[in-house]
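Enquirer: Only the shape, not the letters, is given here:
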């Protein structure tokens with residue numbers, strides 16, 4: 001498997017956790033399709049870093065909550081690579097305003113759900129069909145779908161309820177696609193990051209520095225994007241072949257029940 005050329009689509013792959021995942025896969029020699037909302041010239045530095053090892057990297061700009069954008073992204077990958085092995089559903093947004101559960105708006109709920117759940121669900125549906133077609137053509141084909149959810153799938157945050165609901169939905173989505181694709185031996189996984197140090201969490205750094213010092217997690221440090229990336233790497237290397245539908249935590253033991 002290590003000598004076979006493989007390709008991966010990483011949504012939200014030009015920054016934060018997605019970029020950490022992309023770096024690990026690039027070092028593995030996997031050709032990448034990076035999706036994001038920003039124009040390509042604004043992510044050039046990230047793309048250049050991913051191309052450093054000589055593997056191919058394309059940028060597929062688009063809003064994956066929209067059907068025509070999803071179709072355009074997959075058409076671009078078909079044209080450039082002619083195949084796809086791995087889908088990493090990483091892109092996600094938080095509410096624009098954190099409001100108490102009793103004040104959450106329908107507009108915010110719909111916005112978060114479209115990006116965090118509806119888009120990944122129907123992107124996974126399209127990719128799953130493509131993976132199955134490739135598997136039918138080649139018994140040795142290896143593909144997988146990897147969903148990056150959050151500890152918020154089970155941990156309550158009353159000031160961003162719509163985000164929690166979207167991640168809980170992604171968790172069920174993982175189980176559904178794992179069950180559906182089992183007959184084709186195409187695994188589907190879920191990774192739940194905890195508090196990860198990225199540009200998006202920079203504004204709460206002081207708060208979580210203090211919480212980590214006070215024992216928030218078993219491992220008293222911020223999670224890094226590379227921590228999540230290494231888990232994805234193990235999955236695409238085929239090191240978890242009999243674990244479809246499973247959740248891998250990347251939270252430093254934050255959600256462990258302790259006395």
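Expert: Looks like it arrived, so ask away. Predicted, not measured: the structure shown is a model, and the values here were computed from it. Numbers count the residues shown, from 1 in each chain.
Enquirer: pull the longest helix from this protein.
Expert: helix 161-181 (DSSP state H).
Enquirer: which other helices and strands contact that one?
Expert: Applying 3 or more CB pairs under 8 Å, 6 or more residues apart in numbering; DSSP states H and E, we find helix 161-181 packed against helix 106-113, helix 119-137, strand 144-148, strand 188-193. C-beta coordinates here come from the backbone N, C-alpha and C atoms, glycine included.
Enquirer: Which of these sits closest to residue 203?
Expert: Smallest distance to residue 203 across the helices and strands packed on helix 161-181 (CB to CB): 17.5 Å, for strand 188-193.
Enquirer: How far does stretch 64-76 sit from its chain's centre?
Expert: Here stretch 64-76 shows a centroid-to-chain-centroid distance of 17 Å under the convention CA atoms, centre = their mean, to the nearest Å.
Enquirer: Could you do stretch 77-94 as well?
Expert: Averaging C-alpha positions (CA atoms, centre = their mean) puts stretch 77-94 10 Å from its chain's average.
Enquirer: Can you check the distance spanned by that stretch, start to finish?
Expert: 28 Å (CA to CA, to the nearest Å).
Enquirer: Next, the buried residues of that stretch.
Expert: In terms of neighbour count (16 or more other CB atoms under 10 Å), stretch 77-94 has its buried residues at 77, 81, 83-94.
Enquirer: again with stretch 233-247
Expert: Applying 16+ other CB under 10 Å to stretch 233-247 flags 233, 235-236, 240, 244-245, 247 as buried.
Enquirer: so who does residue 61 touch?
Expert: Shown in contact with residue 61 (CB atoms under 8 Å, 6 or more residues apart in numbering): 35-40.
Enquirer: For those residues, which ChimeraX command selects only the ones that are buried?
Expert: The ChimeraX selection below is limited to those of these classed as buried (16+ other CB under 10 Å):
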select :35,36,37
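Enquirer: Out of the contacts of residue 61, give me the two with the largest separation.
Expert: Largest pairwise distance in those, by CB to CB, is 12.9 Å, between 35 and 39.
Enquirer: What are the neighbouring residues in contact with the residue most central in space within the chain?
Expert: Most central in the chain under CA atoms, centre = their mean is residue 90, positioned 2.2 Å from the mean C-alpha point. Counting by CB under 8 Å, 6+ apart, residue 90 touches 10-13, 17-18, 21, 148.
Enquirer: Which of those fall in helices?
Expert: Per DSSP H, those map to helices at 17-18, 21.
Enquirer: Let me have the residues you listed in TSV, extended by distance to residue 28, pLDDT and neighbour count.
Expert: TSV is the format used below for these (distance: CB to CB, whole Å; pLDDT from 0 to 100; neighbours: other CB atoms under 10 Å):
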residue	distance to residue 28	pLDDT	neighbour count
17	17	98	30
18	16	98	28
21	11	98	29
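Enquirer: Nearest to residue 199, out of those: which one, please.
Expert: Among these, and counting by CB to CB, the member closest to residue 199 is residue 17, at 10.7 Å.
Enquirer: The closest one and residue 4, how far apart?
Expert: Distance check for residue 17 against residue 4: by CB to CB, to the nearest Å, it reads 26 Å.
Enquirer: With that, I have no additional questions.
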